[in-house]
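Student: quick check, what structure comes out for this input:
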Amino acid sequence: MMPGVILIEAIAQLGGVVVQTDPEHAVMTDLRLTGVRAAKILGAAVPGDRLQIRAKVEGRLGGLAQVEGEVLGPAGVLATAKVTLSGTLAP
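Tutor: The predicted structure is shown next:
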């Protein structure tokens, strides 16, 4: 079984990839999960489940990025969260 906290971590990790690949913004180094808000864990994944993870950058301010995401499983939404990522802007 994949617990909800790991589903939230998956949102944060994908959010980090999305933040780092945005060509309109500077790359951030030493990216870290700084905060989790509005997290809802609605289920858990079991072995064999195919998961779809979505992440969208809602905003950036200096070395902070706000990401909204969700994890979907075969039966629907398993988790949603807004995560804050922090890092150092690369020169």
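
Student: which residue comes closest to L89 once chain neighbours are left out?
Tutor: Leaving aside its chain neighbours, L89 sits nearest to A26 (4.9 Å; criterion: CB to CB, 6 or more residues apart in numbering). Just so you know, the C-beta spots here come from the backbone N, C-alpha and C atoms, and that holds for glycine as well.

Student: same thing with D22?
Tutor: That would be V57: by CB to CB, 6+ apart, it lies 6.6 Å from D22.

Student: so who does that neighbour touch?
Tutor: Under the criterion of CB atoms under 8 Å, 6 or more residues apart in numbering, the neighbours of V57 are G15, V18, V19, D22, A65, Q66, V67.

Student: so it bridges to which residues?
Tutor: Under the criterion DSSP bridges, V57 forms beta bridges with V67.

Student: hmm, back to that, put the buried members of the contacts of V57 into a ChimeraX selection.
Tutor: Listed next is the ChimeraX selection for buried residues among the contacts of V57, using 16 or more other CB atoms under 10 Å:
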select :15,18,19,65,66,67
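
Student: all helices of this structure, in order?
Tutor: 4-20 (DSSP state H).

Student: count of residues packed around the closest residue to R50 other than its chain neighbours?
Tutor: Closest residue in space to R50, ignoring its immediate chain neighbours: P74 at 6.9 Å, by CB to CB, 6+ apart. Neighbourhood size, P74 [other CB atoms under 10 Å]: 13.
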